[in-house]
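Asker: Pasted the sequence and its predicted model underneath.
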Amino acid sequence: MSKKSIEECVRSSLETYLKDLHGIEPNGVYDMMIRAVERPMLEVVMQHAEHNQSRAAEWLGLNRNTLRKKLVDHKLIK
């Protein structure tokens, strides 16, 4: 069994989403996709970084303040 790449999974999910609309025009797809991918990515990276924001920010290629803002935006921290 071959493993699908993240890109292939996202593409497949988006194709299914658009087909399931049955001709209804989507709205705000970009923001929907960013939020759908960003939150689980932050959760997983923070878990693997043992909730060390500096380490997680480095892994993600973000500065710590940007990471912190994203964590607050997604209600992953207060």
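Answerer: Cool, the structure landed.

Asker: which helix in this protein runs the most residues?
Answerer: Ordering each helix of the chain by length in residues (DSSP state H) puts helix 29-48 first.

Asker: Surely Lys78 touches Val72?
Answerer: Yes: applying CB atoms under 8 Å, one finds Lys78 in contact with Val72, separated by 7.3 Å. For glycine as for every other residue, the C-beta is placed from the backbone atoms N, C-alpha and C.

Asker: More neighbours: which of the two?
Answerer: Counting neighbours by other CB atoms under 10 Å for Lys78 and for Val72 shows that Val72 has the greater number, 11 against 5.

Asker: Now do the more buried one against Lys4, distance only.
Answerer: Noted for Val72: a distance of 32 Å to Lys4, by CB to CB, to the nearest Å.

Asker: The helix or strand just after the longest helix of the chain vs helix 29-48, what angle?
Answerer: Later in the chain than helix 29-48, the nearest helix or strand by DSSP states H and E is helix 53-60. Using axes from the mean of the first three to the mean of the last three CA atoms, to 10 degrees, the inter-axis angle of helix 53-60 relative to helix 29-48 is 130 degrees.

Asker: What is helix 53-60 packed up against?
Answerer: With contacts defined as 3 or more CB pairs under 8 Å, 6 or more residues apart in numbering; DSSP states H and E, the packing partners of helix 53-60 are helix 29-48, helix 64-73.

Asker: Sounds good, over and out.
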